[in-house]
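Q: What shape does this take:
(one chain, ligands or ions: 2)
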Amino acid sequence: MLRVGLTGGLGSGKSTAARFFAQRGAHIIEADSIAREMMQPGGAVYTAIIEHFGPTVLLPDKQLDRGALARISFGEGRVEELNNIVHPVVIAQQATLAQQIFERDLNAVVIVESALLFETKHNGTKHDKTGQNEEPPSAPWRARFDCIILVTAPEELKIERYLQRIAGSPLSPERRAELTADARRRLAQQMPDERKAPLCDFVIHNDGPIAELEWQVDELWPLLQFSSALNHKH
Ligand SMILES: CC(C)(COP(=O)(O)OP(=O)(O)OC[C@H]1O[C@@H](n2cnc3c(N)ncnc32)[C@H](O)[C@@H]1O)[C@@H](O)C(=O)NCCC(=O)NCCS
Ligand SMILES: Nc1ncnc2c1ncn2[C@@H]1O[C@H](COP(=O)(O)OP(=O)(O)OP(=O)(O)O)[C@@H](O)[C@H]1O
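A: Numbering: from 1, shown residues only. Ligands and ions are numbered 1, 2, ... in the order given. Model prediction:
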């Protein structure tokens, strides 16, 4: 078994890398999807978010208004408040899902894909609900992962890809400026790649064509499989 963290800033290409790893047999746990599910009505953090941020984050159909929540979190400097509600539960759920996979397959390579591995002070333990009562461990990711991979790209390229992913159609100059500013606010909440890289075991450089990203995945995959088999033996 091998617990791998796959991280990278907004638009770096980590979901694309995760897809390539999945095609080779890795089990992918997407932090974003878990968080989205838990924010649905009836989900684990839905009520806490409304109680904390108030009814302005609700749409008429009772879904959370992600746009409003993004404006408050990133635009008004309140993202840490949202993180304190969402991250402990999402991280605990990642551990539960990984455990379920390892119970079925001791040789599994489980990859947790998340934009925020180093940024969060949470480690998903049951004492971790508020993020306030306990001194957080200085490097909580160490206990969570056997190995960490960073997907990196220059900031301007990340922003371009982020726009491409969410826009779909050509953007007006005003909308482009608005989304670029939004991307920069989000990136400002993420640790720069220069600080992340030394904390990682492998770095995938995604500043060329997608085929080059896939080649790097091809190089790494046998190492992950080998490490997983070694872990199983010992
Ligand atoms: C604020 C929310 C509702 C905005 O939703 P929206 O659909 O606009 O964005 P989405 O979730 O698709 O995120 C897009 C990108 O923004 C960046 N981002 C998201 N949350 C954060 C955060 N807390 N800090 C820094 N960057 C973030 C990531 O690069 C992410 O890939 C949403 O991002 C959210 O709930 N964030 C808090 C939970 C979280 O940290 N999720 C990310 C990993 S668990
Ligand atoms: N090497 C590449 N060349 C061209 N396009 C790419 C490349 N890598 C990724 N992309 C595209 O860029 C966009 C963002 O990639 P992806 O969704 O994998 O990034 P991400 O790191 O998961 O982003 P986010 O944190 O915003 O969810 C996608 O539309 C993807 O197809």
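Q: Residues of the protein that sit close to ligand 2?
A: Within the chain, the residues that sit near ligand 2 (Cβ under 6 Å from any ligand atom) are 8, 10-16, 115, 161-162, 164-165, 206, 209-210, 213. Glycine gets a C-beta too; all of them are placed from N, C-alpha and C.
Q: Try it again at 5 Å.
A: Gly8, Leu10, Gly11, Ser12, Gly13, Lys14, Ser15, Thr16, Ala115, Arg161, Arg165, Ile210 (Cβ under 5 Å from any ligand atom).
Q: Nearest residue to the fifth one in space, please, no chain neighbours.
A: In other words, Gly13. Distances taken as Cβ to Cβ, 6 or more residues apart in numbering put Asn206 closest to Gly13, at 4.0 Å, once the chain neighbours are dropped.
Q: what's the burial count for the one you found?
A: 24 (other Cβ atoms under 10 Å).
Q: repeat for Glu76
A: Number of residues near Glu76 (other Cβ under 10 Å) recorded here: 9.
Q: if we can go back for a sec, and the residues of the chain next to ligand 2, which of them are buried?
A: In terms of neighbour count (16 or more other Cβ atoms under 10 Å), the buried residues within those are Gly8, Leu10, Gly11, Ser12, Gly13, Lys14, Ser15, Thr16, Ala115, Arg161.
Q: Pipe those residues into TSV and attach pLDDT and secondary structure per row.
A: Formatted as TSV, those follow (pLDDT from 0 to 100; DSSP: H, G, I helix; E, B strand; the rest coil):
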residue	pLDDT	secondary structure
Gly8	97	coil
Leu10	96	coil
Gly11	96	coil
Ser12	98	coil
Gly13	97	coil
Lys14	97	helix
Ser15	97	helix
Thr16	97	helix
Ala115	96	coil
Arg161	94	helix
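Q: on that earlier part again, retrieve the pLDDT associated with the residue nearest to Gly13.
A: We have a pLDDT of 98 for Asn206.
Q: Need the CA coordinates for the helix or strand of the chain with the lowest mean pLDDT. CSV is fine.
A: Here the helix or strand of the chain ranked lowest by mean pLDDT, DSSP states H and E is helix 141-144, holding a mean of 86. Output of helix 141-144 as CSV, limited to C-alpha atoms (Å, rounded to 0.1, in the frame of the first residue of the first chain):
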residue,chain,number,x,y,z
TRP,A,141,1.1,16.1,5.9
ARG,A,142,4.0,13.8,7.0
ALA,A,143,1.6,11.5,8.9
ARG,A,144,-0.9,11.4,6.1
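Q: Distance of the residue nearest the centre of the chain relative to ligand 1?
A: What sits nearest the mean C-alpha location of the chain, by Cα atoms, centre = their mean, is Ser114, with 1.7 Å. For Ser114, the distance to ligand 1 equals 5 Å [Cβ to the nearest ligand atom, to the nearest Å].
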